[in-house]
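Enquirer: next come a sequence and a model predicted from it.
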Amino acid sequence: MAALLVQLMSAGGAGTDGEQAAVRSAGGTGNVSTHLSALKGEVSTLSERFKAARERRRLQAEQEREEWEREPQSPAPSRP
């Protein structure tokens with residue numbers, strides 16, 4: 001979690017530009033609750049994106065497995 005926090009802070013956050021601008025205009029380091037709220041929103045957004053990507057990958061792997069099972073299996077070549 002700490003690595004994610006450092007990465008988000010160094011990259012300027014993962015939210016939309018409007019969210020980042022709102023956080024920046026909140027008074028710098030003075031409003032911790034605003035920063036924490038923005039960070040929670042970014043983590044939530046990243047979590048949703050990760051879950052969606054994981055589900056897409058799972059479906060892709062399932063489709064590849066089904067295609068593999070449908071392909072005719074050729075016998076191994078015989079050696080002299």
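Expert: Looks like it came in fine. Not measured: the values here are computed from a predicted model.
Enquirer: how many neighbours does residue 40 have?
Expert: 10 (other C-beta atoms under 10 Å). Backbone N, C-alpha and C define where each C-beta goes, glycine included.
Enquirer: for the one 3 residues further on, same thing?
Expert: The number of residues packed around residue 43, counting by other C-beta under 10 Å, is 15.
Enquirer: nearest residue to it other than its sequence neighbours?
Expert: In space, and not counting its chain neighbours, residue 43 is closest to residue 4: 7.2 Å by C-beta to C-beta, 6 or more residues apart in numbering.
Enquirer: the one you found against residue 47, yeah?
Expert: No - using C-beta atoms under 8 Å, residue 4 makes no contact with residue 47, being 10.2 Å away.
Enquirer: between the two, who's got more neighbours?
Expert: residue 4 (13 against 10).
Enquirer: can you point me to the longest helix in the chain?
Expert: helix 32-70 (DSSP state H).
Enquirer: pull out the buried positions in stretch 58-76.
Expert: Judged by neighbour count (16 or more other C-beta atoms under 10 Å), stretch 58-76 contains no buried residues.
Enquirer: that one - what's its average pLDDT?
Expert: Stretch 58-76 carries an average pLDDT of 87.
Enquirer: now stretch 32-45
Expert: Rounded mean pLDDT across stretch 32-45 is 93.
Enquirer: now it: buried residues?
Expert: 35, 38, 39, 41, 42.
Enquirer: state the distance from the third one to residue 61.
Expert: Put plainly, it is residue 39. 32 Å (C-beta to C-beta, to the nearest Å).
Enquirer: now do the fourth one
Expert: Distance check for residue 41 against residue 61: by C-beta to C-beta, it reads 31 Å.
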